[in-house]
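S.K.: generate coordinates for the sequence data below:
(one chain, ligands or ions: 1)
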Amino acid sequence: MFRPAKAAPRPVEPAGGQGGGAVPRHIAIIMDGNGRWAKAKGLPRAAGHKQGAEAARKVLRAAGEAGVECLTLYAFSSENWRRSADEVGDLMGLLRFYLRSEIEALHKEGVRLKIIGDYKAFAPDIVKLIEEGVARTSSNRRMTLAIALNYGAQAELVQAARRLAERAAAGEIAPATIDEAVIGAELDTADLPPLDLLIRTSGEYRLSNFLLWQAAYAELLFVDTLWPDFGAEALAAAIAAYCGRERRFGGR
Ligand code: FPP
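M.R.: All right, here's what the predicted structure looks like:
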């Protein structure tokens with residue numbers, strides 16, 4: 001692959017998944033369409049979220065079997081607090097249920113649970129379940145499931161900028177040494193592989209404040225399928241579409 005001689009450091013450039021046949025190392029998904037799925041079936045929105053959580057479980061398994069190293073799921077954005085108290089309560093109930101019932105299954109499957117976002121804003125019992133789940137699975141190496149909870153990419157970048165500014169003000173780092181790698185290392189995703197493929201379901205074409213920095217060179221895929229209908233076959237089709245793309249990272 002061509003690289004300009006004076007290229008700036010590009011922490012987002014994958015070492016592996018280059019498209020053209022290789023399975024993406026890191027896939028992120030904006031799981032959209034739960035509400036429309038429920039409405040089309042005459043069901044309450046909560047039923048759509050429940051079916052969405054089932055889809056997440058299926059897609060995680062399929063991703064692991066395909067050899068994907070990391071799956072990042074946008075489960076609750078920092079903007080989702082604006083939904084009705086009932087809907088937020090339903091989502092929190094689902095989160096509680098899955099943290100209680102799924103951690104052992106994740107552990108047996110060799111999956112490491114990671115959370116990105118400010119999960120400490122959640123109820124104390126959920127924070128405890130999250131931290132127990134993260135600790136329980138921390139030594140697993142087969143695959144990482146990163147769940148974005150109370151996550152917003154702009155807030156993530158603000159936090160990183162503040163931490164770096166504080167270190168610069170304290171004389172610990174020189175501002176001139178702040179580059180892409182330094183910023184990338186301050187993000188919640190610092191220990192994850194570079195993002196290769198970002199999928200949004202339900203026919204919407206927005207990133208909605210998700211992984212804005214990390215998506216710089218990711219392949220984007222927008223599909224019409226509503227998230228609760230997305231499963232192993234849809235994931236395989238997404239991976240096939242990714243494999244057919246030519247990734248140039250700004251080169252030719
Ligand atoms: C978007 O669909 C989906 C969400 C806001 C939540 C995603 C959550 C899940 C898939 C369930 C698993 C989550 C937890 C917390 C365990 P939407 O409601 O915006 O759908 P719509 O655009 O059709 O209304």
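
S.K.: pLDDT weak spots in the stretch 1-150 of the chain?
M.R.: Along the stretch 1-150 of the chain, segments meeting pLDDT under 70 span 1-20.

S.K.: and it, which residues reach the ligand?
M.R.: Residues of the stretch 1-150 of the chain found near the ligand (C-beta under 6 Å from any ligand atom) are 31-36, 49, 52-53, 56, 75-76, 80, 91, 94-95, 98. C-beta: built from backbone N, CA, C; applies to glycine.

S.K.: can you do 5 Å?
M.R.: Within the stretch 1-150 of the chain, the positions adjacent to the ligand are 31-36, 49, 52-53, 75, 91, 94-95, 98 by C-beta under 5 Å from any ligand atom.

S.K.: which one of those residues has the most neighbours?
M.R.: Using other C-beta atoms under 10 Å as the neighbour test, these are led by residue 52, with 27 neighbours.

S.K.: now that residue. Nearest residue, chain neighbours left out?
M.R.: Excluding the flanking residues, the one nearest residue 52 by C-beta to C-beta, 6 or more residues apart in numbering is residue 34, at 4.2 Å.

S.K.: can you check residue 133 too?
M.R.: residue 103 (4.4 Å).

S.K.: just give the number of residues close to the one you found.
M.R.: Neighbour tally, residue 103, other C-beta under 10 Å: 20.

S.K.: on the three-state scheme, it is what?
M.R.: helix (DSSP: H, G, I helix; E, B strand; the rest coil).

S.K.: most centrally placed residue in the chain?
M.R.: residue 72 (2.6 Å; C-alpha atoms, centre = their mean).

S.K.: list the helices and strands the helix or strand where that residue lies packs on?
M.R.: Here residue 72 sits within strand 70-77, counting by DSSP states H and E. Applying 3 or more C-beta pairs under 8 Å, 6 or more residues apart in numbering; DSSP states H and E, we find strand 70-77 packed against strand 26-30, helix 45-66, helix 85-108, strand 143-151.

S.K.: mind checking those for the one nearest to residue 193?
M.R.: When these are compared by C-beta to C-beta, strand 26-30 sits nearest residue 193, at 4.4 Å.

S.K.: can you name every helix or strand that the next helix or strand after the closest one contacts?
M.R.: Beyond strand 26-30 on the C-terminal side, the first helix or strand identified by DSSP H and E is helix 34-40. When contacts are defined as 3+ C-beta pairs under 8 Å, 6+ apart, helix 34-40 sits against helix 45-66.

S.K.: roughly how far is the helix it packs on from the heart of the chain?
M.R.: Remark: helix 45-66 is offset 14 Å from the chain centroid, using C-alpha atoms, centre = their mean, to the nearest Å.

S.K.: and for stretch 50-68?
M.R.: That offset, for stretch 50-68, works out to 13 Å (C-alpha atoms, centre = their mean).

S.K.: what sits against the closest residue to the ligand within the stretch 51-200 of the chain?
M.R.: Nearest residue of the stretch 51-200 of the chain to the ligand (C-beta to the nearest ligand atom) works out as residue 52 at 3.0 Å. Neighbour list for residue 52: 31, 34, 37, 227, 228 [criterion: C-beta atoms under 8 Å, 6 or more residues apart in numbering].

S.K.: and the furthest pair within those residues?
M.R.: 31 and 37 (10.8 Å).

S.K.: quick one: residues contacting the residue in the stretch 1-150 of the chain that the ligand sits nearest to.
M.R.: Closest contact between the stretch 1-150 of the chain and the ligand, by C-beta to the nearest ligand atom, is at residue 35 (2.4 Å). In this structure, residue 35 makes contact with 45, 48, judged by C-beta under 8 Å, 6+ apart.
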